[in-house]
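Colleague: Pasting the sequence and the predicted model now:
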Amino acid sequence: MITNTSDKKLIYSYLEEIKDPEVPVLSITDLGIVRDVMLNNDEPEVIITPTYTGCPAMDMITASIKLVLTSYGYKNVKVTSVLSPAWTTDWMSEEGKRKLKAYGIAPPNPKQQVCHENLFAPNESVQCPQCNSYHTHRISEFGSTACKALYQCDDCKEPFDYFKCH
């Protein structure tokens, strides 16, 4: 186990260099998928949780973690993927949410209950990352990746991805 907090902080700083292959503006630490870092006899183990079960980016992220930590002199880097507890957008950093919006992807927001066409079904009010309007509608449950939905702004007419809450 890591006995020195500075060792753990150092490894986390190296992990901040690794970008999510599907959303390259975010580091894996911004995304909140790094759950823990342990060091046993100078051999690091990084515990990660995928944003979505079966996320195809996890293999690339695992390889990147091993490559980056090896480049800093660590040997026998182990990456362990855990599914429980399930990843939630609550684990994303506020900085990561700002980066998403600047990149043109609506960041996850707490779900809001609204009434739509006399149906009392919960819908999310999603803010357009381009013009900040809340006059938007979902085009598709799935966007460019399974963890995003495709929306369109009714004011500026721009389509955009929304990083789904879960």
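Modeller: On my side now, so go ahead.
Colleague: okay, now the domains of this structure?
Modeller: Here the domain assignment for the chain is 5-88, 104-163, based on automatic domain parsing.
Colleague: and the shortest one, how far out from the chain's middle?
Modeller: How far domain 104-163 lies from its chain's middle: 17 Å, per CA atoms, centre = their mean, to the nearest Å.
Colleague: Quickly note the distance from Ile28 to Gln127.
Modeller: Distance, Ile28 to Gln127, by CB to CB, to the nearest Å: 25 Å. All C-beta atoms are positioned from the backbone trio N, CA, C, and that covers glycine.
Colleague: what about these two, which has more around it?
Modeller: In this view Ile28 and Gln127 are compared by other CB atoms under 10 Å, and Ile28 has more residues nearby, 22 against 19.
Colleague: so what pLDDT did the closest residue to the more buried one other than its chain neighbours get?
Modeller: Of all residues not flanking Ile28 in the chain, Ile18 sits nearest, at 4.9 Å (CB to CB, 6 or more residues apart in numbering). pLDDT for Ile18: 98.
Colleague: Okay, buried residues for the host helix or strand of Pro44 please.
Modeller: Using DSSP states H and E, the element containing Pro44 is strand 43-48. By neighbour count on 16 or more other CB atoms under 10 Å, the buried set for strand 43-48 is Pro44, Glu45, Val46, Ile48.
Colleague: Check stretch 86-97 too.
Modeller: Buried residues in stretch 86-97 (16+ other CB under 10 Å): Trp87, Thr89, Met92, Gly96, Lys97.
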